[in-house]
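**Student:** need coordinates for the below:
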Amino acid sequence: MIGDIGWSRFYHLGDEAMTEFALDALRARADVEITLIAGEPEYAAKMYGVDAVSRIGFKRDRPPNITRMRTILDYAESGGEKGGLAADDPAIRVIETVRNSDAVLIAGGGNLNSMFAQHIFERATLAKLARIFDKPYALTSQTLGPLIYDEDRGIVHDLLAEAEFVGTRESYTTQLAGELGAGDAKIRRQVDDAFSLTAGDADREAVADLTDKPFIVASFAEKASSPMITDSDYRLRVIEIVRRIAEETGLRLLLVPHGGAFAPAPQTRDQLTDAQIADSADNDLVQPTRMLTARQLVALTERAEFVIGTRYHAGIFAGAAAVPFISLAPNLYSSIRMRGAAENVGMRDFVLPLDSIDDIVDTAVGVARNRDSLQTTLRQRSVARREEHRKWWDFLVETTIGSEEARVPGDERAGELTEAPGFFHADEVPNDYVANVELVRERLNSVQDYGLVMAVKDRRAALARTEVNRLKDKLRRAEDKVERTEARLSRTDRAKELRERKPAVRAMRQMQKLNVRLRGAARSASRFGNR
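**Tutor:** Residues are numbered from 1 along each chain as shown. Take a look at the predicted model:
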């Protein structure tokens, strides 16, 4: 199983949560040995109590990725006779791990996106290896895109079309997967896998010091990642939002990082931004917290009055815990994912654009006052979604490795014994706390539209720069060739000139010698005449 996890100096809470739940779900359904493909294998193995190997390793640049992918597949298909991988290449360990497995699982995430080409190639190569060795593979809890460049569409198509099934976590991805899979992939809608991650008593005890007074969980990404707003303006807006919410609700806002590091590693990303926000808000109710594990955040969320922030998984944990949430979308990517997650529990109108500060604060105040009624509605939906999710994972295990009871010597894997569950429609909870919800929706649409336009513009500019650089390289090569040719011709011309001049030089020297002799003879003759 591959997940975007396992770094000793960085913990991405949402990605770790999805992989951690996948481990739980597999262990609960089968006596199975799991090997993780992770960032730092030794660290991941210790954290999750499983075997782990390094990633294959790809870069953001496509040409070397394409070459590396072909090399790895040649090596795998030929049993190591072709491809020429170095003995210490991490791909060899991955090849052997897939060869020795019964199934391959691509755990949840939003990294099948052309902006992260290395992740597409990592997963596509893993899938191709599974096919080479006739192993079933599946994808669960996925967001596709929103940007899939033309040059990546074929790779993504093969990844989807050859899978046993693809689990999508929002309607946008379900539609895009259908288009990219060309109708071949078995696509199923599901909730994000972190939705069903649970906290234990130890996790609740670990956060007990944070829950002694009523509080709001607030989680903010370290930057906007948007062409519509600078990072400094983004932080100013967040500071104003948390300050006003603290003043108007009188509740503590616990700033919980989703991207950070555990000691002794230095603090990073959300942790640094949280400290800036708390300092600038100048209100004792705004308090940054330490880095929490995913399960600890689940435990903390269970006790929150509500949840707010620009981090996607903050809404996932809240919806699962039947806690009201407000998701703030600063960019295209977050808007699509947040709206999908909120739609799953009927909270789509509680996804707001970051520039609607008054609407955000008004919604927060309204949610705080009406928490109980909102929680009752969310609890019913959370229970239904969890049951649906349980059946989804029953289906996943049956489809890939089958159940022990269903296995018969000589038979192939169990496969089609369990139908994929349906996905019920959750009616929308109205956001009655904003003056004009239609206007808010249009603002959010504009965030997505502008993001797509700018992404296309940036992509065309990048392609243009690539083409300019290619032409410059071609021109330099042509100029070098001209210079080499001129140098060669120059050497040839000089050599030829010397060859042509050599007889003349010899004749001149002979004339000089003759002149010397003549002058000598003339002097001799003169002396002879005088005598």
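**Student:** how does the protein divide into domains?
**Tutor:** 11-197+385-400, 202-383+425-443 (automatic domain parsing).
**Student:** now render these as TSV, adding distance to Val482 and mean neighbour count.
**Tutor:** (Glycine included, C-beta is placed from N, CA and C.) TSV is the format used below for the domains of the chain (distance: least, C-beta to C-beta, whole Å; neighbours: other C-beta atoms under 10 Å):
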stretch	distance to Val482	mean neighbour count
domain 11-197+385-400	27	20
domain 202-383+425-443	42	20
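**Student:** reformat these as a markdown table; add mean pLDDT and distance to Arg477.
**Tutor:** Below are those laid out as a markdown table (pLDDT from 0 to 100; distance: least, C-beta to C-beta, whole Å):
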| stretch | mean pLDDT | distance to Arg477 |
| --- | --- | --- |
| domain 11-197+385-400 | 94 | 17 |
| domain 202-383+425-443 | 96 | 36 |
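**Student:** would you turn the ones you listed into TSV with distance to Gly451?
**Tutor:** As requested, the domains of the chain are arranged in TSV below (distance: least, C-beta to C-beta, whole Å):
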stretch	distance to Gly451
domain 11-197+385-400	8
domain 202-383+425-443	3
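**Student:** looking at these, which is nearest to Thr485?
**Tutor:** When the domains of the chain are compared by C-beta to C-beta, domain 11-197+385-400 sits nearest Thr485, at 29.1 Å.
**Student:** what's the span of that closest one, first residue to last?
**Tutor:** One end of domain 11-197+385-400 to the other measures 29 Å (C-alpha to C-alpha, to the nearest Å).
**Student:** just tell me which of the domains of the chain ends up closest to Leu452.
**Tutor:** Nearest to Leu452, of these and by C-beta to C-beta, is domain 202-383+425-443 at 6.1 Å.
**Student:** quick one: terminal-to-terminal distance for the closest one?
**Tutor:** 42 Å.
**Student:** next up, the contacts around the residue most central in space within the chain.
**Tutor:** Nearest to the geometric centre of the chain sits Asn111, at 3.2 Å (C-alpha atoms, centre = their mean). Listed by C-beta atoms under 8 Å, 6 or more residues apart in numbering, the contact set of Asn111 reads Asp4, His119, Ile120, Arg123.
**Student:** where's the third one, which helix or strand?
**Tutor:** Under the criterion of DSSP states H and E, Ile120 resides in helix 117-132.
**Student:** what's the first helix or strand after that helix?
**Tutor:** Defined by DSSP H and E, the subsequent element after helix 117-132 is strand 137-144.
**Student:** dump that following strand to PDB, keeping only the CA atoms.
**Tutor:** The C-alpha trace of strand 137-144 is given here as PDB (Å, rounded to 0.1, in the frame of the first residue of the first chain):
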ATOM      1  CA  TYR A 137      -5.000  -3.200  -7.500                       C
ATOM      2  CA  ALA A 138      -7.400  -0.500  -6.300                       C
ATOM      3  CA  LEU A 139      -7.600   3.200  -5.400                       C
ATOM      4  CA  THR A 140      -9.500   4.400  -2.500                       C
ATOM      5  CA  SER A 141     -10.500   7.900  -1.200                       C
ATOM      6  CA  GLN A 142      -9.300   9.800  -4.200                       C
ATOM      7  CA  THR A 143      -9.500  13.300  -5.500                       C
ATOM      8  CA  LEU A 144      -8.500  13.600  -9.200                       C
END
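**Student:** adjust the sequence numbering to begin at 51 for everything that follows.
**Tutor:** That works, and once the first residue is 51, the last one we named lands at strand 187-194.
**Student:** which residues in the stretch 151-300 of the chain form strands?
**Tutor:** Using DSSP state E, counting those that start in this stretch, the strands of the stretch 151-300 of the chain run over 154-156, 159-162, 187-194, 216-218, 237-239, 265-269.
**Student:** cool, the stretch 401-550 of the chain as well?
**Tutor:** 401-403.
**Student:** save the strands of the stretch 151-300 of the chain as CSV, and put in distance to Arg59 too.
**Tutor:** Listed next are the strands of the stretch 151-300 of the chain as CSV, based on distance: least, C-beta to C-beta, whole Å:
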stretch, distance to Arg59
strand 154-156, 24
strand 159-162, 19
strand 187-194, 25
strand 216-218, 30
strand 237-239, 35
strand 265-269, 20
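**Student:** for the closest residue to Ile289 other than its chain neighbours, give its distance to Leu305.
**Tutor:** Closest residue to Ile289 apart from its sequence neighbours, by C-beta to C-beta, 6 or more residues apart in numbering: Ser330 at 4.7 Å. As for Ser330, its distance to Leu305 is 12 Å (criterion: C-beta to C-beta, to the nearest Å).
**Student:** and for Gly89?
**Tutor:** Gly89 is 26 Å from Leu305, where distance means C-beta to C-beta.
**Student:** ok, now Asp281?
**Tutor:** Distance of Asp281 to Leu305, given as C-beta to C-beta: 17 Å.
**Student:** cool, Tyr362 as well?
**Tutor:** Per C-beta to C-beta, Tyr362 is found 16 Å from Leu305.
**Student:** so where do the helices sit in the stretch 451-581 of the chain?
**Tutor:** Applying DSSP state H, counting those that start in this stretch to the stretch 451-581 of the chain gives helices spanning 487-580.
**Student:** just for it, where's the confidence low?
**Tutor:** Flagging of the stretch 451-581 of the chain using pLDDT under 70 yields the residue ranges 453-468, 508-509, 512-513, 516, 543-581.
**Student:** ok, 80 please
**Tutor:** For the stretch 451-581 of the chain, the stretches with pLDDT under 80 are 452-471, 500-525, 528-529, 536, 539-581.
**Student:** what sits against the residue lying closest to Arg149 once chain neighbours are set aside?
**Tutor:** Excluding the flanking residues, the one nearest Arg149 by C-beta to C-beta, 6+ apart is Phe183, at 5.0 Å. Counting by C-beta under 8 Å, 6+ apart, Phe183 makes contact with Ala126, Val148, Arg149.
**Student:** do a quick rundown of the helices in the stretch 201-350 of the chain.
**Tutor:** 221-230, 251-256, 281-299, 320-331, 344-352.
**Student:** contact partners of the second one?
**Tutor:** Spelled out, it's helix 251-256. By C-beta under 8 Å, 6+ apart, helix 251-256 touches Leu342, Thr343, Arg345, Gln346, Val348, Ala349, Glu352.
**Student:** please identify which pair of those lies farthest apart.
**Tutor:** Maximum distance among those (C-beta to C-beta): 14.4 Å, for Thr343 and Glu352.
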